[in-house]
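Trainee: sequence and predicted structure are below.
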Amino acid sequence: MSGQEKQSSSGVDHTLLALVLLLAAFGLVILFSTSEYNGRVRFHDSAYYFRKQFFATALGLAAMYAVSRMDYHFFVSLAPAAYLLSLGLSTAVLLVGQEINGSKRWLNLGPLSFQPSEFAKAAVILFLAWQIDRTRKDPSGFWFMCRTMLTLLPVAGLVGSNNLSTAIIILGIGVILIFVSNPKYMQFIGLGAAGMAFVALFLAAESYRLERLAIWRNPEAYEKGFQTIQGLYAIGSGGIFGRGLGSSLQKLGFVPEAQNDMIFSIICEELGLAGACGLILIFILLLWRLCVVSMHSRDLQGALICGGIMGHMAIQVILNIAVVTNTIPNTGITLPFISYGGTSVVFLLAEMGLALSVSAHR
């Protein structure tokens, strides 16, 4: 066995694995605490949401294990097909998707529902790793940046028509991976201006997005600002150490669908500032390990995969916490590993499996 083969079989990054398992376990505990009231009222089963999330988490852990045992180059080779599939699924959502709360984001597959935008994030990471690696001889210049970002516009446009936050994440992943392959600061000024113009067009395309801007500026003046106000009440009432796990008052119907986007406010109420900071610290440690694995990857593809996953996690965590604290307008983004959502947790854990595969082949 050669030296490189010995190195490739050295095993996964155990610190990264431990952080992922910690987040998954923490997410299940918090989800049960947050959702038991809604489950009891709506479905006469306090464990309704927990059981569905537990099943999705178990499925995601199995996917993570399977993916981590395989060579990540195999998945990169499938990237073009995965990207085309994501385009097809995103188109299908617009045509035959299930509409919930005014947005079409789900496809029904028999008794199961599937959110193609979650698959699109993973597909974009793999596709960019494949595309940028093919052009690694000339990963510089403004044209390289434009060419790379243009390939993302179809899926970003399809997803963004009903899910602006995911479109922002996809474009953010593209910017981060371009920077990883070509870390020059000045050329990103033009790319940033183009990105802001793209977001502005999406905001202006639908009236409800402009309404969200108005609600953000003055939530007390709008009926739809109720969720934001109640979330801030939850954060403020938690104090330093919180009311105690399971003791939230705002989850008792005051924060609508507390187990979804606003779950961080319930964490602040039950575990206080200390618990919220502890969770943020775990996320920071996870991003740090992904950065370490990326820097020590044996090739550009591995570095780009881990860089893309790190960007995905960082953008989504920042957006969710910023929305809950009313720092930015509501974008409808979930907190990774914590918020309720089977599709999200399955693909997040599968992405972690990719990162673990990269770490095993350093």
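Mentor: Perfect, I can see it now.

Trainee: so where's the stretch 201-350 of the chain shaky on pLDDT?
Mentor: For the stretch 201-350 of the chain, applying pLDDT under 70 flags the ranges 201-210.

Trainee: so where do the strands sit in it?
Mentor: Assigned strands in the stretch 201-350 of the chain: none (criterion: DSSP state E, counting those that start in this stretch).

Trainee: report how many residues lie close to Ser247.
Mentor: Neighbour count of Ser247, defined by other CB atoms under 10 Å: 11. For every residue, glycine as well, the C-beta is placed using N, CA and C.

Trainee: next one: the one 3 residues further on
Mentor: Around Gln250 sit 24 other residues, with neighbours defined as other CB under 10 Å.

Trainee: likewise the one 10 residues further on?
Mentor: Here the count is done by other CB under 10 Å, and Asn260 has 18 residues near it.

Trainee: report the secondary structure state of Leu59.
Mentor: State at Leu59, reduced to three classes by DSSP: H, G, I helix; E, B strand; the rest coil: helix.

Trainee: show me where the stretch 1-150 of the chain has strands.
Mentor: Ranges of strands in the stretch 1-150 of the chain, per DSSP E, counting those that start in this stretch, are 98-100, 103-109, 112-114.

Trainee: export the ones you listed to a markdown table and append columns for mean neighbour count, mean pLDDT and distance to Arg51.
Mentor: What follows is the strands of the stretch 1-150 of the chain, written out as a markdown table (neighbours: other CB atoms under 10 Å; pLDDT from 0 to 100; distance: least, CB to CB, whole Å):
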| stretch | mean neighbour count | mean pLDDT | distance to Arg51 |
| --- | --- | --- | --- |
| strand 98-100 | 12 | 69 | 20 |
| strand 103-109 | 16 | 74 | 19 |
| strand 112-114 | 15 | 76 | 14 |
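
Trainee: what separation do you get for Tyr72 and Ser46?
Mentor: Noted for Tyr72: a distance of 40 Å to Ser46, by CB to CB, to the nearest Å.

Trainee: looking at those two, which one has more neighbours?
Mentor: Tyr72 (26 against 15).

Trainee: can you tell me how far the closest residue to that one other than its chain neighbours is from Ala350?
Mentor: Excluding the flanking residues, the one nearest Tyr72 by CB to CB, 6 or more residues apart in numbering is Ser357, at 4.3 Å. According to CB to CB, Ser357 and Ala350 sit 11 Å apart.

Trainee: identify the contacts common to the two.
Mentor: Common neighbours of Ser357 and Ala350, using CB atoms under 8 Å, 6 or more residues apart in numbering, are Val67.

Trainee: circling back to that earlier point, turn the strands of the stretch 1-150 of the chain into a markdown table, columns for distance to Val323.
Mentor: Converted to a markdown table, the strands of the stretch 1-150 of the chain look like this (distance: least, CB to CB, whole Å):
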| stretch | distance to Val323 |
| --- | --- |
| strand 98-100 | 18 |
| strand 103-109 | 15 |
| strand 112-114 | 23 |
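
Trainee: looking at those strands, which is closest to Leu213?
Mentor: Closest approach to Leu213 among those (CB to CB): strand 103-109, 17.2 Å.

Trainee: so which elements touch that closest one?
Mentor: Of the remaining helices and strands, those touching strand 103-109 by 3 or more CB pairs under 8 Å, 6 or more residues apart in numbering; DSSP states H and E are helix 79-96, strand 98-100, strand 112-114.

Trainee: out of the ones you listed, the one nearest Leu171 is which?
Mentor: Using CB to CB, the nearest of the helices and strands packed on strand 103-109 to Leu171 is helix 79-96, at 14.5 Å.

Trainee: any idea which residue sits dead centre in the protein?
Mentor: Gln316 (4.6 Å; CA atoms, centre = their mean).

Trainee: the helices in the stretch 1-150 of the chain, which residues?
Mentor: With DSSP state H, counting those that start in this stretch, the ranges of helices along the stretch 1-150 of the chain come out as 3-8, 14-43, 48-68, 72-77, 79-96, 116-134, 142-150.

Trainee: buried stuff in the third one?
Mentor: Of all the residues in helix 48-68, those buried under the rule 16 or more other CB atoms under 10 Å are 48-50, 52-54, 56-57, 60-61, 63-64, 67-68.

Trainee: touching it from outside, list them.
Mentor: Residues outside helix 48-68 that contact it (CB under 8 Å, 6+ apart): 12, 20, 24, 27-28, 31-32, 35-36, 38-39, 42, 45, 75, 259, 340-343, 345-350, 352-354, 356-357, 360.

Trainee: same question for that helix, mean pLDDT?
Mentor: For helix 48-68, the mean pLDDT works out to 95.

Trainee: next, the angle from that helix to helix 14-43.
Mentor: Relative orientation of helix 48-68 versus helix 14-43 (axes from the mean of the first three to the mean of the last three CA atoms, to 10 degrees): 150 degrees.

Trainee: send the alpha carbons of helix 48-68 over as CSV?
Mentor: Provided in CSV are the C-alpha atoms of helix 48-68 (Å, rounded to 0.1, in the frame of the first residue of the first chain):
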residue,chain,number,x,y,z
TYR,A,48,-45.8,14.3,16.6
TYR,A,49,-43.1,16.7,15.3
PHE,A,50,-40.4,14.9,17.4
ARG,A,51,-41.1,11.5,15.9
LYS,A,52,-41.0,12.8,12.3
GLN,A,53,-37.8,14.7,13.0
PHE,A,54,-36.3,11.7,14.7
PHE,A,55,-37.0,9.5,11.7
ALA,A,56,-35.5,12.2,9.4
THR,A,57,-32.4,12.5,11.6
ALA,A,58,-31.9,8.8,11.7
LEU,A,59,-32.2,8.7,7.9
GLY,A,60,-29.8,11.6,7.6
LEU,A,61,-27.3,9.9,9.9
ALA,A,62,-27.4,6.7,7.8
ALA,A,63,-26.8,8.9,4.7
MET,A,64,-24.0,10.7,6.4
TYR,A,65,-22.3,7.4,7.3
ALA,A,66,-22.8,6.0,3.8
VAL,A,67,-21.4,9.1,2.1
SER,A,68,-18.5,9.4,4.5
